[in-house]
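Colleague: sequence and predicted structure below; questions after.
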Amino acid sequence: MKVAVEVVDAAGLKPKGGHGSASPFVEVEFDGQKQRTQTKHNDLNPQWNETLLFNVADPAQLPHQTIDVCVHHDRSKPAASAERSFLGRVRLYGVSVAPSAAEAQVQRYPLDKRGLFSNISGDLALRVYALPDAFAPPGPPPTAAAPAPAPAVDVAVDPPPAVGEPAPAEIKEEKKKKKSPPSVAPEEPRVFHSIPASGAGDRNVIDQISQAMGMAPPAPAPAVTMTMASVGHARAEAPPPGAVFHIRPPAMVRPGPQYGLVETAPPLASRLGYRGGDKIASTYDLVEQMRFLYVNVVKARDLPTMDLTGSLDPYVEVKLGNYKGTTKHLEKNPNPVWNQVFAFSRDRIQASQVEVVVKDKDLVKDDFVGRLSFDLAEVPLRVPPDSPLAPQWYRLEDKKGDKVPKGELMLAVWMGTQADEAFPDAWHSDAHSVAVGSLTDTRSKVYFSPKLFYLRVQVIEAQDLVPSDKSRPPNVALKVQLGNQLRRTRFVAGTINPAWAEEFMFVASEPFDEPIVFTVEDRVAPNKDEPLARLALPVGAAAYPRTDHNKVFESRWFNLAKPTASKEEAGDGEKKEKFSSKINLRLYLEMGYHVLDESTHYSSDLQPSSKHLRKPSIGILEVGILGARNLIPMKAKDGRTTDAYCVAKYGPKWIRTRTLLDTLTPEWNEQYTWEVFDPCTVITVVVFDNCHLASNKDDVKDQRIGKVRIRLSTLEADRVYTHFYPLLVLQPSGLKKTGELHLAVRFTCTAWVNMVALYGKPLLPKMHYVQPIPVLQMNNLRHHAMVIVAARLARAEPPLRREVVEYMLDVDSHMFSLRRSKANFHRIMSLFSGLATVSKWFDGIRNWRNPVTTILVHVLFLILVCYPELILPTIFLYLFMIGMWNYRYRPRHPPHMDTKLSQAELAHPDELDEEFDTFPSTKPPEIVKMRYDRLRSVGGRVQMVAGDLATQGERIQALLSWRDPRATSIIIMMSLIVAVFLYVTPFQVVPVLIGLFLLRHPRFRRSRMPSVPFNFFRRLPAKSDMLL
C-alpha cells in the first residue's frame, strides 16, 4: 500500500532572504522516507499541484504514524542559516488519511511554528489519501536495450469521480485521435515509466488494469506507459501519445482501530482566518456558516371578513417551493398578532420567490384573504451584531396582483445565518412535517441547573409530648421529610421528653417551594406507628445560611401542632401559646459545599453553592457541534431513519441543539460558550433520538445514540480541535458503534497565573475537607440531587426529560459491573507494568547482557556514593530529561472512550446482561444463582490476595514480637553485629559493598536458589494458622 500526499498550493507565506519574497518548496517525510517538490522562485502564494508517493510497510500501523510536511525557503547563499529557511510545518496523522482518492478532499492547514520564537504565517493546502499496491506506479524501466518503439498507451490513474457520476468503462475516442504530445509546464514535471511488452510481472499489471475496466486484456505487442503525478524532482522524456485509460482504484477500508478518533480539517473561520469568506463569519468561527431565509410574520390589521356571519379566523401560510409553514389561526380576530418566525435553509431553496398568504379558517375550505410575494434576489442580508430588521406594513394583494381595499400585514424578510437571534425559536423548513404541538420539541434551547444547597438538620430533643394512650410508656421517634427525601431518628422509649441529638443532611434547591416536615411518631405495635405531633417549616426562613463551619448558631424551639392540623397551623411553629409540645432544632443552609449531582471522576462543576465564595473564571470553552455521520436508523420499524439532537453539559449550563428529522447525517453547525473556573473538569456531549415528535405519550423515552466526554486539562490553549468522535453504546448484546459526532473544541485561557495556581489548590471547596461528608451519605445525596435536577429540567419547554438527565449524569455508575471490575484490575496492573520494566532492566544490568551499559551503571553508582549530594539533583534532572523526551510523543488528540480499556469489546454477553439488570434483580432464580456462584469465585480470589498481603505484613511484625523465639534471636543478634559494623565503617563503604554485590557478574553466582534473607522471611510465622 502507498500513501499519496498531494501538495496543492500555499498562501500568505512569510518573506525570507531580505528581498520581500521567498522561494518555497515543500519537503514531506513519512516513515523515514523524504521527498520534496520543486522550488517556486519569488512566490509567496505558490502552486505546486504535485503528488508525492510513499510506501507503507505495515498498513495496520498507519493510524499510529505521522506525516511531517515542512515548507522551506530555497537558500541562494550557502551561508544562510537554517532558521531563516524555515517557513512553517504541518503534522498529519495516519488516522486522517482518506481510504481512497474518492473520499479525499483538499484541506487547508495553518502552518505551525517550529519553536517558541519562530515567526510563521500562511497556510498549506494538502490532499492525502491511500492507494493500494495494484494501482501504484511500477518501478523504473530495466537498463537493457528496449525494442523498437511501438505505439504507446498512456494509462492515467485518476481519482474516482463524485458520487452519482457514471464510471467511464471504455476508451475515450477523443483522446485516441490526438497526435501531438501534451504540453507540460516546466514547473510541473511528470514521471513516465515505460513498461516493456515482455515480462510476466508487467503483463499481470496490464491484465489487472484491463480487468478493472471490464475489458479484455490487450495484446502484448505495444509498450504501455503509465503517467502519474510528479514525484520529487525526477524527470523523463515524454513518450509518444496514445490512448488514455481512466481506471478507478477500489475503495479501501481505513486501517486502524474501528473506534478511534478521526481528525478533520473543515473550512472553519477559526482555521482559515478571513480568507475565502467575509469577516462576519467570525461570530460563529467554530462552525460552518449556514444561510437561512427568515420570514417574521408579526401581525395584521383591518382584515376583511370572508364569511357571511362577519367573523374571521385568520392564519398565515408562508410558501417557498415545496415547503410551507403555517401560523396558528386566531378565532374572530380581524387584527391578529402572531409573532412567528419561519426559517428556510438556503441550500434547499427551490424557488425564486417567497409567497405569504393570509387565509380564513373554515370547516369546508379555507377562504383566501390576501397575499404578498418577495423576490429572493431583493432580500437584504442581515448578520448580528446588527440590530434586528424592523418589520414593515404591507398592503395585501388579491390573486391578480392588485391591492385589496382593506387589510395590511406586518412582516420582515431577510437573509441571515444561524447566529441570528431568531434562529432558536424559528419554525425550520426541515421540521415541516412535525405537528404544531410537537414543534417546540425540535427547537434548540439553553438550560441551567437549579441552584442546590445542602441542608443540615440537627434534631436535639422534644418536650411535653402528649401520647394518645397514656396507659403505656411511649416509644417515640422523629421523621423528617423534604420532598422525596426521608430520614428517621432512633426510637426513644419510656419518656415524653426524648433526646435524640442526631444530624441529617438533605438537598434543597432554590426557590424553596417545599417545606421541611417534622413528624413525631409513637410505635404502638410492631411495624405500626401513630403520629403524635407535626411541624412544617419553610426552608428559606427557618435555616441559617452558613459559609464557615466554625460559626455555630443557637438552637431554636418550635411549637408542635396536632397531626390533624392544617398546613398553616402546622407551619406556625413560633406562635406563642400557653401550652403545647415543643421540639428543639438547629437548621443550617450550607453555602460552602459544592452539591455533587454527577460523578466525581468526570465532574464539570466544582464551585461552592455561595456565589460570594466562587473564584473568577480562568477561561472560555467554545464547542461547535458540526454534525454527525453514519448514524444507525433508530426508527426503522416506523419507516423513518433517525431524528437526532445533541445535549451538552458543562457546569450548571445545559444546551440542546435543534432536532434534525429523518436523516443519518445531520448537520447542526451550532456553537456554544461556557465560562471555565477549573481546567480539571469534563464536558459531556450526548446524541439522542427524539421520540416525542409523532406521539405525545409520557411513557415514550428518547433513545440513546452515544456519548462523548472531553477533559479540559488535556486540551492545549487556543488550539482548535476538530475530530469525528465515535458514538458507542454498550447493550446487553454487546458493544455497538452507532455513528460519529463531529465536534470543534477550543479552550481559551484568560488568566494564566490563576490557572497555574489552581493546580496547587484543593479540587473541592474548603468545607469538604474541614467538615467532610461520609462517602455513603454523599452517594445518597448525589442521587437526590440528580432527582431534583431532572424534575426541574423536565418542567422546561422543551423539556429535558429524565432519561436524558440520567444518562448525562451517569446515575448507574456506582452499580456493580464485572466488566468494569476487570477494567479497573487491568488499570492497576498497568501501573505496576512500569515497575516490572525497571525490574527487567535491572535484571539485565545484573546479568551483564550489555556490558557497556552495566559498566556505565557501575560508574554512575560509585559517583553517587562518593558524592551523595548529587543524588537528588540527578533524580530531578533525569525526570526533566524524560519529560522533554516524551514531549515529542505527547498526545495530539483529546481523549475519548477507549473500548479496550473499558473491556467492552471482549465482554461476555452474560456479564453485560448482568450489568444492565435492575436492582433488585428481575432475572429467573437459576440465573441469579449462577451469577452468585460466579461472584463467589471472584470474591474467593480477592480473598486469597488480601490474605497474602496480610500474611506478608504479619511476618514483618513477627520479626521482633518473639512469636518465633529463634527467629527473633537471630534478628536481634544480627542487628547488634550490623550496628557495631556500621559504627566502625565509613558510610560510603556500605552502599558500595551492597551495590557491587548485587551487580556482580553472573560468573560469581553459584546458585539460582532463593537468597538467605528471602528464605528467612518466608519462615517467619503469620496469623493465617489461627483462622478458623
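Modeller: Received it, and whenever you're ready, just let me know what you need. Numbers count the residues shown, from 1 in each chain.
Colleague: so how far is the helix or strand containing residue 293 from its chain's centroid?
Modeller: Using DSSP states H and E, residue 293 falls within strand 291-301. Averaging C-alpha positions (C-alpha atoms, centre = their mean, to the nearest Å) puts strand 291-301 37 Å from its chain's average.
Colleague: can you mark which positions in it are buried?
Modeller: Within strand 291-301, the residues that qualify as buried are 292, 293, 294, 295, 296, 297, 298, 299, 300, counting by 16 or more other C-beta atoms under 10 Å. The way it works is simple: take the backbone N, C-alpha and C, and place the C-beta from them, glycine included.
Colleague: separation between the third one and residue 13?
Modeller: The reference is to residue 294. Remark: distance between residue 294 and residue 13 (C-beta to C-beta, to the nearest Å) = 41 Å.
Colleague: Serialize the buried residues of strand 291-301 to a markdown table and add fields for pLDDT and distance to residue 46.
Modeller: Listed next are these as a markdown table, based on pLDDT from 0 to 100; distance: C-beta to C-beta, whole Å:
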| residue | pLDDT | distance to residue 46 |
| --- | --- | --- |
| 292 | 91 | 38 |
| 293 | 92 | 40 |
| 294 | 93 | 42 |
| 295 | 94 | 47 |
| 296 | 94 | 48 |
| 297 | 94 | 53 |
| 298 | 94 | 54 |
| 299 | 93 | 59 |
| 300 | 93 | 60 |
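Colleague: could you dump those to a markdown table with distance to residue 945?
Modeller: A markdown table is the format used below for the buried residues of strand 291-301 (distance: C-beta to C-beta, whole Å):
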| residue | distance to residue 945 |
| --- | --- |
| 292 | 63 |
| 293 | 68 |
| 294 | 67 |
| 295 | 70 |
| 296 | 70 |
| 297 | 72 |
| 298 | 74 |
| 299 | 76 |
| 300 | 79 |
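Colleague: nearest to residue 594 among the residues you listed?
Modeller: residue 292 (40.6 Å; C-beta to C-beta).
Colleague: for that closest one, give the beta-bridge partners.
Modeller: Listed by DSSP bridges, the beta-bridge partners for residue 292 are residue 345, residue 416.
Colleague: low-confidence regions, the stretch 101-250 of the chain specifically.
Modeller: Scanning the stretch 101-250 of the chain with the threshold set as pLDDT under 70 gives 116-117, 133-250.
Colleague: outside of the one helix or strand residue 994 maps to, which residues touch it?
Modeller: Using DSSP H and E, the element containing residue 994 is helix 989-998. Residues outside helix 989-998 that contact it (C-beta atoms under 8 Å, 6 or more residues apart in numbering): 846, 858, 861, 862, 865, 982.
Colleague: what sits closest to the first one if chain neighbours are left out?
Modeller: Using C-beta to C-beta, 6 or more residues apart in numbering and skipping the chain neighbours, the partner closest in space to residue 846 is residue 999 (5.9 Å).
Colleague: do you know the pLDDT at the one you found?
Modeller: On the pLDDT scale, residue 999 is placed at 82.
Colleague: just give the number of residues close to it.
Modeller: 16 (other C-beta atoms under 10 Å).
Colleague: in this structure it contacts residue 857, no?
Modeller: Yes. If you go by C-beta atoms under 8 Å, residue 999 and residue 857 touch, sitting 7.1 Å apart.
Colleague: need the residues touching each of these two.
Modeller: What both residue 999 and residue 857 touch, as defined by C-beta under 8 Å, 6+ apart, is the set residue 845.
Colleague: list the buried residues in the host helix or strand of residue 936.
Modeller: Taking DSSP H and E as the criterion, the element that holds residue 936 is helix 925-957. For helix 925-957, the neighbour count (16+ other C-beta under 10 Å) marks 931, 954, 955 as buried.
Colleague: ok, stretch 388-402 next?
Modeller: So, applying 16+ other C-beta under 10 Å, buried residues of stretch 388-402: 389, 391, 394, 396.
Colleague: how about the residues you listed in TSV, adding distance to residue 891, secondary structure and pLDDT?
Modeller: Compiled in TSV, these are given as follows (distance: C-beta to C-beta, whole Å; DSSP: H, G, I helix; E, B strand; the rest coil; pLDDT from 0 to 100):
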residue	distance to residue 891	secondary structure	pLDDT
389	47	coil	88
391	52	coil	92
394	59	strand	93
396	63	strand	91
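Colleague: which SS class is the closest residue to residue 590 other than its chain neighbours?
Modeller: Nearest non-adjacent residue to residue 590, counting by C-beta to C-beta, 6+ apart: residue 454, 4.2 Å away. Using DSSP: H, G, I helix; E, B strand; the rest coil, the structure places residue 454 in strand.
Colleague: in stretch 808-819, what counts as buried?
Modeller: Quick answer for stretch 808-819 (16+ other C-beta under 10 Å): 808, 809, 810, 811, 817, 818, 819.
Colleague: can you report how many residues lie near residue 416?
Modeller: Neighbour tally, residue 416, other C-beta under 10 Å: 26.
Colleague: which SSE is residue 674 in?
Modeller: Here residue 674 is assigned to strand 667-676, by DSSP H and E.
Colleague: hang on, residue 465 packs against residue 521?
Modeller: No. With contact defined as C-beta under 8 Å, residue 465 does not count as touching residue 521 (10.6 Å).
Colleague: which residues do these two both contact?
Modeller: The contact lists of residue 465 and residue 521 share 476, 532, where a contact means C-beta under 8 Å, 6+ apart.
Colleague: hang on, the earlier thing: list the buried residues in the helix holding residue 994.
Modeller: In helix 989-998, counting by 16+ other C-beta under 10 Å, buried: residue 995.
Colleague: one step back: partner strands of the strand holding residue 674 and their direction?
Modeller: Strand 667-676 is paired, per DSSP bridges, with strand 619-629 (antiparallel).
Colleague: returning to that earlier point: which one of the buried residues of strand 291-301 is nearest residue 17?
Modeller: residue 292 (48.3 Å).
Colleague: correct me, but residue 603 touches residue 682?
Modeller: Yes. Residue 603 is within contact range of residue 682, at 6.8 Å (criterion: C-beta under 8 Å).
Colleague: that older thread, how about the CA coordinates for the strand holding residue 293, as CSV?
Modeller: What follows is strand 291-301, C-alpha atoms only, in CSV (Å, rounded to 0.1, in the frame of the first residue of the first chain):
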residue,chain,number,x,y,z
ARG,A,291,-27.6,30.7,5.4
PHE,A,292,-31.3,30.9,6.1
LEU,A,293,-34.2,32.9,4.7
TYR,A,294,-36.1,34.4,7.6
VAL,A,295,-39.7,35.5,7.4
ASN,A,296,-41.1,37.2,10.6
VAL,A,297,-44.9,37.4,10.5
VAL,A,298,-45.7,39.9,13.2
LYS,A,299,-49.4,40.9,12.9
ALA,A,300,-52.2,42.1,10.7
ARG,A,301,-54.8,44.8,10.8
